[in-house]
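Enquirer: what's the 3D shape of this:
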Amino acid sequence: MSGAAIGPRPSLAEGVAGRLATVRRRIEAAGGDPSRVRVVAVTKGFGPTAAAAARACGILDVGESYAAELAAKAPAVAAGTRWHFLGQVQRNKVGLAAPWVHTWHGLDRVAEGEAIAGAAPGARVMVQVAAVPSGVGRGGCAPEEVPPLVAALRALGLEVVGLMALGPAGPPERARATFRAVGRLAGELGLAERSMGMSGDLEVAVSEGATIVRVGQALFGPRPRPPAPIPRYPVSAVPGAHQGPG
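Expert: Have a look, this model is predicted:
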């Protein structure tokens with residue numbers, strides 16, 4: 001499904017390599033084994049050269065949050081890339097991303113699983129657990145809803161490999177209760193993977209048992225801002241505009 005892969009700019013690859021070394025030192029300092037905690041390079045908002053730079057540095061796992069962005073980048077990046085879908089699953093967009101996705105993070109409804117099972121039977125998925133205390137937002141299902149959802153997804157033929165969580169906004173330490181709850185629940189359900197922790201709170205996540213951290217800015221720097229749309233005004237609103245013959 002892919003043509004010739006693009007290569008990374010040498011300067012970008014060097015920068016990512018240095019930042020990856022820093023991320024691995026942070027993982028080790030938090031008590032994790034850098035060879036066992038998987039780094040997913042989050043390239044949302046960056047061009048395909050960012051994904052190519054991650055691959056050049058030995059990162060196999062690349063994450064995207066939008067189906068269209070993933071489907072546009074994947075053909076340009078080296079074969080063997082393990083694409084992780086990290087965003088909210090939109091049922092009408094599943095088919096666009098399904099040919100490329102290695103693991104779907106963030107399922108919190110049976111309907112999402114049904115869409116994935118229809119497009120990619122037997123797909124690897126994770127269930128997103130809501131942040132605690134309840135009511136802080138950021139998606140996911142309540143801890144007590146996780147076991148029946150895992151069972152329902154398995155009944156659809158999906159391979160449930162773990163749980164995923166986003167920490168609540170605020171200081172990194174505020175995420176500890178969420179990550180601890182996810183680690184405990186994954187253990188109770190016999191699920192090996194715990195996808196939790198991002199650039200700002202990965203130490204807390206690793207100390208609570210994360211097996212996957214999703215890192216974007218810590219590898220690539222600040223995410224580029226999208227270009228501002230060019231305003232479109234009706235001709236009548238533009239002073240001095242010519243509005244036709246006369």
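
Enquirer: Can you pull the poorly scored residue ranges out of the protein?
Expert: Low-confidence regions of the chain, defined here as pLDDT under 70, cover residues 1-10, 133-138, 225-246.

Enquirer: In it, mark out all the strands, start to finish.
Expert: Assigned strands in the chain, in chain order: 38-42, 61-64, 82-85, 101-107, 124-128, 159-165, 193-196, 212-215 (criterion: DSSP state E).

Enquirer: Remind me what the third one packs against, helices and strands.
Expert: Pointing back at strand 82-85 there. strand 61-64, helix 67-73, strand 101-107 (3 or more Cβ pairs under 8 Å, 6 or more residues apart in numbering; DSSP states H and E). (C-beta placed from N, C-alpha, C; glycine too.)

Enquirer: and if we set it to 6 Å?
Expert: Contacts of strand 82-85 with other secondary structure elements, assessed using 3 or more Cβ pairs under 6 Å, 6 or more residues apart in numbering; DSSP states H and E, are made with strand 61-64, strand 101-107.

Enquirer: With respect to residue 128, which of those lies nearest?
Expert: Taking Cβ to Cβ as the measure, the helices and strands packed on strand 82-85 were each checked against residue 128, and strand 101-107 came out nearest at 4.3 Å.

Enquirer: what does that closest one contact?
Expert: Contacts of strand 101-107 with the rest of the structure, by Cβ atoms under 6 Å, 6 or more residues apart in numbering, involve 82-86, 113, 116, 124-128, 164, 195.

Enquirer: if we can go back for a sec, possible to save the strands of the chain as TSV with distance to residue 180 and mean neighbour count?
Expert: TSV is the format used below for the strands of the chain (distance: least, Cβ to Cβ, whole Å; neighbours: other Cβ atoms under 10 Å):
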stretch	distance to residue 180	mean neighbour count
strand 38-42	20	24
strand 61-64	23	24
strand 82-85	23	24
strand 101-107	19	23
strand 124-128	16	26
strand 159-165	10	23
strand 193-196	10	26
strand 212-215	16	26
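
Enquirer: Which one, of the ones you listed, ends up nearest to residue 187?
Expert: Of all the strands of the chain, it is strand 193-196 that lies closest to residue 187, at 9.0 Å by Cβ to Cβ.

Enquirer: Now distance to residue 182 too, for the strands of the chain, in a markdown table please.
Expert: Rendered in a markdown table, the data for those read as follows (distance: least, Cβ to Cβ, whole Å):
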| stretch | distance to residue 182 |
| --- | --- |
| strand 38-42 | 16 |
| strand 61-64 | 18 |
| strand 82-85 | 17 |
| strand 101-107 | 12 |
| strand 124-128 | 9 |
| strand 159-165 | 5 |
| strand 193-196 | 6 |
| strand 212-215 | 11 |
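
Enquirer: so which of those gets nearest residue 54?
Expert: When the strands of the chain are ranked by proximity to residue 54, the top entry is strand 38-42, at 3.9 Å, counting by Cβ to Cβ.

Enquirer: List the strands paired with that closest one, with their directions.
Expert: With DSSP bridges as the criterion, the sheet partners recorded for strand 38-42 are strand 61-64 (parallel), strand 212-215 (parallel).

Enquirer: which stretch among the ones you listed comes nearest residue 181?
Expert: Judged by Cβ to Cβ, the one of the strands paired with strand 38-42 that comes nearest to residue 181 is strand 212-215, at 16.7 Å.
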